[in-house]
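1. Fold the following and give me the result.
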Amino acid sequence: MKLVLIANLNVGLASLRAFTATSNCEVSLVIAHPNLTGHGSLIRRYCSEHGIDYLESAAPNSEPVLERVSTIAPDYLFSIYNPSVLKSEILAIPRVAINFHAAPLPRYRGTNTFSWAIINGERDYGVAWHIIERTIDTGDIVSQRMFALSGNETAIALCQRSFEVGVDLLREEIVPSLAKGLPRTPQPDTGSTYYGLKDVPPNNGRVDFRWGFGRMERLIRALNYEPAPSPFVYAVASLGEKLIHPLSVERGAGLPADRVPGRIEAIDEDAIAIQCGDCVARITGALDSNRRKLPIGKLSQRLELRVGDIFDPFEGMEPHKAPA
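-> Purely as a prediction, here's the structure:
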């Protein structure tokens, strides 16, 4: 069976290895996005070492790519962490086109799903391999697997876990079934949600210290992609023109009698203790306004933060509601 892969990042490389480990698959071409090759272009190196044609392109729907894929006439096209929506011209070439979606379907269609699942307080999550249709993330499911969440995941940790589960599914269920034909299960008509590029998190990522700790902590975890650059929005807290991007927060002591959400109660080398809606929360990790990670004590010193300073409240509408 001839395969063409649109593959990026570590999940693309791991999937490529899974395909080449079986005699049933002939990977004829790998297409990688020039900005997403990752890991020192390990995908390119792997292809070179294994005699696989490799092409870097940010435009998988372009004529040069269409010509290359048409010449191969693959049985399967796999799209693995591909930022482009594939159009009907390229989808018509293979016998079957399959996408890896790092979220459960139809529960989390769209993008930035790691963040949204954490914001929404989900207790489980999942990944799916599905048939590519013209509408986004709506095709029949080939294989899907759910897994429990600990409640402590950051967005990057959930991303990495999802990639691992997705590659496990590929090895265990998809690759062995390619020759005989993959099963297809239509997605249910109910229970679907879609998050697009125009959807922004509550307050567009601005921390509101009037919130209870749980809601604030979920937002901060949900927007933490460190050490990778955030593909979404950075959490932010401001005190006038002074900005920090919180990465981690832990529950501290109960509130003092004089309750002022956003007021700094203590500063040390490890944390900034700030009143929130139901406790004094301790910000234990943050980026500065230039998105550099600094020790909390050094960051506080540079910003000249003082006990008694009050972080700004958020005044605005929330396009999405997170659990209280």
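2. right, and Ala266 touches Ala273 too?
-> Yes. Checked against Cβ atoms under 8 Å, the pair Ala266 and Ala273 is within contact range at 4.1 Å. In this view, the C-beta of every residue, glycine as well, is placed from N, C-alpha and C.
3. for the longest strand belonging to the chain, packing partners?
-> If you go by DSSP state E, the chain has its longest strand at strand 242-251. Helices and strands touching strand 242-251, as assessed by 3 or more Cβ pairs under 8 Å, 6 or more residues apart in numbering; DSSP states H and E, comprise helix 213-222, strand 237-239, strand 280-287, helix 296-303.
4. quick one: contacts for Ala222?
-> Neighbour list for Ala222: 114-119, 154-155, 201 [criterion: Cβ atoms under 8 Å, 6 or more residues apart in numbering].
5. Next, format those residues as CSV and append pLDDT, distance to Arg17 and secondary structure.
-> Rendered in CSV, the data for those read as follows (pLDDT from 0 to 100; distance: Cβ to Cβ, whole Å; DSSP: H, G, I helix; E, B strand; the rest coil):
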residue, pLDDT, distance to Arg17, secondary structure
Phe114, 98, 23, helix
Ser115, 98, 28, helix
Trp116, 98, 30, helix
Ala117, 98, 27, helix
Ile118, 98, 29, helix
Ile119, 97, 33, helix
Thr154, 98, 26, coil
Ala155, 98, 25, helix
Pro201, 95, 35, coil
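6. possible to save those as a markdown table with distance to Arg218?
-> Compiled in a markdown table, the contacts of Ala222 are given as follows (distance: Cβ to Cβ, whole Å):
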| residue | distance to Arg218 |
| --- | --- |
| Phe114 | 12 |
| Ser115 | 10 |
| Trp116 | 11 |
| Ala117 | 10 |
| Ile118 | 6 |
| Ile119 | 6 |
| Thr154 | 11 |
| Ala155 | 11 |
| Pro201 | 10 |
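7. circling back: compare Ala266 and Ala273 (neighbour count), which wins?
-> A count of neighbours by other Cβ atoms under 10 Å puts Ala273 above the other of Ala266 and Ala273, at 19 against 13.
8. Run through the helices of this protein in chain order.
-> 9-20, 42-49, 63-72, 88-91, 113-119, 155-169, 213-222, 296-303 (DSSP state H).
9. Does anything pack onto the last one? Which helices or strands?
-> Where contact means 3+ Cβ pairs under 8 Å, 6+ apart, helix 296-303 is packed against strand 242-251, strand 280-287.
10. Buried residues of that helix, list them for me.
-> Of the residues in helix 296-303, 296, 299-300, 303 count as buried by neighbour count, 16 or more other Cβ atoms under 10 Å.
11. quick revisit: Serialize the helices of the chain to JSON lines and add fields for distance to Tyr195.
-> Conversion of the helices of the chain to JSON lines gives the following (distance: least, Cβ to Cβ, whole Å):
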{"stretch": "helix 9-20", "distance to Tyr195": "20"}
{"stretch": "helix 42-49", "distance to Tyr195": "28"}
{"stretch": "helix 63-72", "distance to Tyr195": "28"}
{"stretch": "helix 88-91", "distance to Tyr195": "23"}
{"stretch": "helix 113-119", "distance to Tyr195": "5"}
{"stretch": "helix 155-169", "distance to Tyr195": "13"}
{"stretch": "helix 213-222", "distance to Tyr195": "12"}
{"stretch": "helix 296-303", "distance to Tyr195": "31"}
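12. so which of these gets nearest Leu197?
-> The minimum distance between Leu197 and the helices of the chain falls on helix 113-119, with 12.3 Å, by Cβ to Cβ.
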